[in-house]
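S.K.: fold the stuff below for me.
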Amino acid sequence: MATALCPGSFDPVTNGHLDIIERTARHFDDVIVAVIRNPQKTGSLFTLEERQELLHECVKHLSNVRIEFFKGLLVEFAKEHGASSIVKGLRAVSDFDYELQMAQMNQRLSGIDTFFISTSPQYSFLSSSLVKEVARFGGDVSTMVPPVVAERLQGRFVQEA
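M.R.: Next up is the predicted model:
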């Protein structure tokens, strides 16, 4: 049984993330969406538990996908969970440069391969950071994130106002 990891901060999960997760689920027996705390991204909007809850709601239609979160090296998490692959979505050439370095480091550390899936064109501009910025200023993000996430974003920023 082939297990793949789809890692990310998912703060918040976007339709682009879901596109990659759904496509990965078609090719692997078991998919673990690994919600990580990215030390380079300070000031998360949602807690790890909130992100996990939102992801559960968004992928409940996928029977071979589960959500977990962790701290530390991704390859150690992969080994602990029997994952043979890491899957990453690529939006642009700028993503590839960084992700290639990470893939090579992960392969060197563990022998685990990374597979890249190009993002569907309708989601190529999406990032969690941009979605948060648009939502923070009252913009409509309903076509960029699942409905449950749009609701949560609206509620979060109304509270801050």
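
S.K.: ok, and what's touching the lengthiest helix in the chain?
M.R.: For the chain, the helix with the greatest residue count under DSSP state H is helix 93-110. The contact list for helix 93-110, computed with Cβ atoms under 8 Å, 6 or more residues apart in numbering, reads 73-76, 78-79, 86, 88-90, 112-114, 116. The way it works is simple: take the backbone N, C-alpha and C, and place the C-beta from them, glycine included.

S.K.: would you mark the buried spots in it?
M.R.: Asp95, Glu99, Ala103, Asn106, Ser110 (16 or more other Cβ atoms under 10 Å).

S.K.: quick revisit: inside strands: which ones of the contacts of helix 93-110?
M.R.: Judged by DSSP state E, the contacts of helix 93-110 include Ile86, Lys88, Gly89, Leu90, Asp113, Thr114, Phe116 as members of strands.

S.K.: would you enumerate the residues in contact with the nearest residue to Arg156 once chain neighbours are set aside?
M.R.: In this structure, Arg156 finds its nearest non-sequential neighbour in Leu45, 6.5 Å apart by Cβ to Cβ, 6 or more residues apart in numbering. Residues near Leu45 by Cβ under 8 Å, 6+ apart: Asp11, Pro12, Lys132, Arg156.
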